[in-house]
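>>> starting from these lines, generate the structure:
(2 chains)
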Amino acid sequence: MTMQIADTVSLSASNSQARAHAAAARNNLRTEPRAVRIAIITLAVLFLTVFVVLPLVLVFAQAFSRGILAYFAALAEPEALAAIKLTLIVAAISVGLNLLFGLVAAWAIAKFEFPGKTVLITLIDLPFSVSPVISGLVFVLLFGAQGYFGSWLRDHDIQILFAVPGIALATTFVTFPFVARALIPLMQEQGTQEEEAAISLGASGLQTFFRVTLPNIKWGVLYGVLLCNARAMGEFGAVSVVSGHIRGETNTMPLLVEILYNEYQFVAAFAIASLLAMLALITLIAKTVLERHLDEGQDASDH
Amino acid sequence: MTIEVRNLVKKFGSFAALDGVDLKVDNGELLALLGPSGSGKTTLLRIIAGLDWPDSGEVFFNGEDALAQGARERHVGFVFQHYALFRHMTVFENVAFGLRVQPRAVRKDEAAIRSRVKELLDLVQLDWLADRYPSQLSGGQRQRIALARALAIEPRILLLDEPFGALDAKVRKELRKWLRSLHHEINVTSIFVTHDQEEALEVANRVVVMDKGRIEQIGSPDDVYDNPATAFVHGFIGESIVLPIQIGDGAIRLGDRQLDLAAEGLAPGASKLFVRRHDMLVGPPGSGAFEGAVQHVRNFGPVQRAEVALSGGETIEIDAPRDKELRAGDTIGLKPRRYRIFAG
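Residues are numbered from 1 along each chain as shown, chains lettered A, B, ... in the order given. A predicted model of the protein is given here:
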């Protein structure tokens, strides 16, 4: 290619043909040769097919391998229904809690200056950086029979570990960063001027929050909730440690998938897995829509 | 509504944004706080609005302690530099906001709110934009909506933070005139912050010049321009020639040249002589206090601007009328029509 450019430079002075040649050379500079382009694209497509599309297709293929009736029969098993119900309950609790915590944390971080702010920001990311298994173990250490609160809990007959509260706590911990992470940059960018304007116009703190702050971040909130929910429903590691795997009682969908698979009940395992896969697809589509709204919000704020 | 500020101090870390500020604002005044960035003028405005709190000092509205009230109770209209319009609300709802958040007992009914908003949009001449969103407006339109929104609550005081700072020069000039006539119409005690001297001198009844958290001078626009109280004010407002001089033995010297200027009553030592560019009158050599060689001449609107190397060693720029014959290489005499000397 260097040769080509050198050629065109020496020729281009006189005729238009040389100029056209030079233009072609410039175009070539900005892109790779055709063969390289095809090779790179093929590689990318192959990779995505093998690692993303194929597994997804296989999940559904396995789930329906004995026909639609077997698929629905597997989902109608009491154990499966219990797992679906538990997953929904746990997701509702942890998304609800994280929505509240995330909003409060993001609000504090984005709108106020206080000592220890950077520490708080780092702490919010902690659940992302530790292994989910460790997160689960922490709760065992706190609430287990030998744990700090173990004897007190036993005396008062409160069951946290191997029950819904433990699973919800572990899930909440693991999914804590999603809402806060989605909101902090958004709220930092929006600043505090609109809130100041609202207060100087006579609005109370609550009026300011519900009429000014919340409408400005609603797409960010939805985005955070969506990702938080997807992770809450799919969480395996932390939940596995605290759940105790009591059949029909403390198995969430991901835990049940593993158990069924280990028992060679492939149709049942993949039927449950297909529900999780569908959740993922719906989440992806919703995420794309929300991201468009978030971008629009950004443009509108571009005063 | 009168405003009185007494010995206000506000520090951010070790930086003193306000370093003992006293100020009285009369009822119905249109006052400008003028100063370079970091001079504390916006901090002062925000403290008056209740958006910031001083470390010490007092603020009174009509003799009442304003610091005892939050921003919400002070009934102050605040217009932000970047407008701070509610981006998810229409222009109409932005202006209506202050009326809608009032306590139920005093809140107007929907029809009254509508007619009040309509009235305000008419006042700022933008009633045709009622259904638009802030992002669909130009900068000048946003600024006027922000003003209408602040006026909706019938504020006792109107505070404007760099109201025209983010606008282009032409719109800025139009809005200045408009703000003046609007103030004339509604006659609310108003304070606006600006770093643009032209804006302050053109719009305000009274100008407060600030620097480094202190007030340098308070006076009418003519006053601060013609009789600057400090070296800072002279240098900040209008274009000034500054010459380092020595005072001693009843004479004023620039370098080794003795100047033909009266030295009575001046403290001996190093001082600075301030002259406006257009106050340096050009004459034949030997006719004035200064003498110098013209380096080059440029026409500059209604005047010609000449760079002159003084025989004391300094090079200055002067403004002379276009009809005065000046050429590079000429030796001329310069006589300051008015000048001021500040120690330091």
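>>> name the nearest residue to the residue in the stretch 51-200 of chain A that chain B sits nearest to, ignoring sequence neighbours.
Nearest residue of the stretch 51-200 of chain A to chain B (C-beta to the nearest C-beta) works out as A:Gln193 at 3.7 Å. In this view, the C-beta of every residue, glycine as well, is placed from N, C-alpha and C. Excluding the flanking residues, the one nearest A:Gln193 by C-beta to C-beta, 6 or more residues apart in numbering or on different chains is B:Ala84, at 3.7 Å.
>>> tell me the contacts of residue 216?
You didn't pick a chain, so chain A it is. Each residue near A:Asn216 by C-beta atoms under 8 Å, 6 or more residues apart in numbering or on different chains is listed here: A:190, A:194, A:297, B:87-88.
>>> sorry, I should have been clearer: chain B.
B:35, B:209-210, B:229-230, B:232-233.
>>> cool, and B:Gly312?
Taking C-beta under 8 Å, 6+ apart, we find B:Gly312 in contact with B:243, B:254-257, B:290.
>>> now the buried members of those.
Burial by neighbour count, judged by 16 or more other C-beta atoms under 10 Å in any protein chain shown, picks out B:243, B:254, B:290 from the contacts of B:Gly312.
>>> out of those, list just those in strands.
If you go by DSSP state E, the buried ones among the contacts of B:Gly312 have B:243, B:254, B:290 in strands.
>>> partners of the first one in the sheet?
Pointing back at B:Leu243 there. B:Leu273 (DSSP bridges).
>>> so it is in contact with B:Lys272, correct?
Yes: with contact defined as C-beta atoms under 8 Å, B:Leu243 reaches B:Lys272; the gap is 6.9 Å.
>>> which one is the most centrally placed residue in chain A nearest to, not counting chain neighbours?
Nearest to the geometric centre of chain A sits A:Leu227, at 3.5 Å (C-alpha atoms, centre = their mean). Counting by C-beta to C-beta, 6+ apart, A:Leu227 lies nearest to A:Phe178, which is 4.7 Å off, once chain neighbours are set aside.
>>> one more: A:Phe162?
Using C-beta to C-beta, 6+ apart, the closest residue to A:Phe162 is A:Gly244 (3.3 Å).
>>> count of residues packed around that neighbour?
15 (other C-beta atoms under 10 Å in any protein chain shown).
>>> B:Ala148 now?
Residues lying near B:Ala148 (other C-beta under 10 Å) number 24.
>>> pLDDT of the helix or strand that contains A:Phe47, averaged?
If you go by DSSP states H and E, A:Phe47 is part of helix A:34-48. Over the span of helix A:34-48, the pLDDT mean works out to 93.
>>> likewise for stretch B:137-147?
92.
>>> contacting residues around that stretch?
Contacts of stretch B:137-147 (C-beta under 8 Å, 6+ apart): A:303, B:79-80, B:83-85, B:91, B:94-95, B:124-126, B:129, B:134, B:160, B:163-164, B:166-168, B:171, B:174-175, B:178, B:182.
>>> buried residues, it. List them.
B:137, B:139-147.
>>> now stretch A:271-283
Within stretch A:271-283, the residues that count as buried by 16+ other C-beta under 10 Å are A:271-277, A:279, A:283.
>>> same check, this time on stretch A:228-247
Neighbour counts over stretch A:228-247 (16+ other C-beta under 10 Å) mark A:228-243 as buried.
>>> mind listing what the lowest-mean-pLDDT helix or strand in chain B pairs with, with the direction of each?
Ranked by mean pLDDT, DSSP states H and E, the weakest helix or strand in chain B is strand B:257-259, scoring a mean of 81. Applying DSSP bridges to the sheet, strand B:257-259 is found paired with strand B:251-254 (antiparallel).
>>> quick one: mean pLDDT for the strand it pairs with?
Averaged across strand B:251-254, pLDDT comes to 84.
>>> which residues does it contact?
Strand B:251-254 is contacted from outside by B:243-247, B:258-259, B:261, B:263, B:266, B:273, B:290, B:310, B:312-314, B:341, using C-beta under 8 Å, 6+ apart.
>>> what do you get if the cut-off is 6 Å, keeping everything else the same?
For strand B:251-254, the surrounding residues in contact (C-beta atoms under 6 Å, 6 or more residues apart in numbering or on different chains) are B:243, B:245-246, B:258-259, B:261, B:263, B:312.
>>> where does chain A have low pLDDT?
A:1-29, A:297-303 (pLDDT under 70).
>>> thinking the residue nearest to A:Phe162 is in contact with A:Thr250, fair?
Yes: assessed by C-beta atoms under 6 Å, A:Gly244 is found in contact with A:Thr250 at 5.4 Å.
>>> in what helix or strand does B:Phe78 lie?
Assigned by DSSP H and E, B:Phe78 belongs to strand B:76-79.
>>> where's the longest helix seen in chain B relative to the chain centroid, distance-wise?
Ranked by residue count under DSSP state H, the longest helix found in chain B is helix B:169-186. When C-alpha coordinates are averaged (C-alpha atoms, centre = their mean, to the nearest Å), helix B:169-186 and its chain have centres 15 Å apart.
>>> same question, stretch B:121-133
Stretch B:121-133 sits 29 Å away from the centroid of its parent chain (C-alpha atoms, centre = their mean).
>>> same check on stretch B:98-115?
Its chain's C-alpha centre and that of stretch B:98-115 lie 36 Å apart, by C-alpha atoms, centre = their mean.
>>> now the terminal residues of it, how far apart.
Using C-alpha to C-alpha, to the nearest Å, the span of stretch B:98-115 from its first residue to its last is 14 Å.
>>> pull the residues that contact that stretch.
Under C-beta under 6 Å, 6+ apart, the answer for stretch B:98-115 is A:201-203, A:207, B:96, B:152-153.
>>> likewise for stretch B:12-21?
For stretch B:12-21, contacts defined as C-beta under 6 Å, 6+ apart pick out B:5, B:7-10, B:40, B:43, B:213-215.
>>> and those residues as a markdown table, adding secondary structure and distance to B:Met280?
A markdown table is the format used below for the contacts of stretch B:12-21 (DSSP: H, G, I helix; E, B strand; the rest coil; distance: C-beta to C-beta, whole Å):
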| residue | secondary structure | distance to B:Met280 |
| --- | --- | --- |
| B:Val5 | strand | 39 |
| B:Asn7 | strand | 41 |
| B:Leu8 | strand | 40 |
| B:Val9 | strand | 41 |
| B:Lys10 | strand | 41 |
| B:Gly40 | coil | 33 |
| B:Thr43 | helix | 38 |
| B:Gly213 | coil | 34 |
| B:Arg214 | strand | 30 |
| B:Ile215 | strand | 30 |
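>>> could these be laid out in JSON lines, adding pLDDT?
Below are the contacts of stretch B:12-21 laid out as JSON lines (pLDDT from 0 to 100):
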{"residue": "B:Val5", "pLDDT": "94"}
{"residue": "B:Asn7", "pLDDT": "94"}
{"residue": "B:Leu8", "pLDDT": "94"}
{"residue": "B:Val9", "pLDDT": "94"}
{"residue": "B:Lys10", "pLDDT": "94"}
{"residue": "B:Gly40", "pLDDT": "92"}
{"residue": "B:Thr43", "pLDDT": "94"}
{"residue": "B:Gly213", "pLDDT": "93"}
{"residue": "B:Arg214", "pLDDT": "94"}
{"residue": "B:Ile215", "pLDDT": "95"}
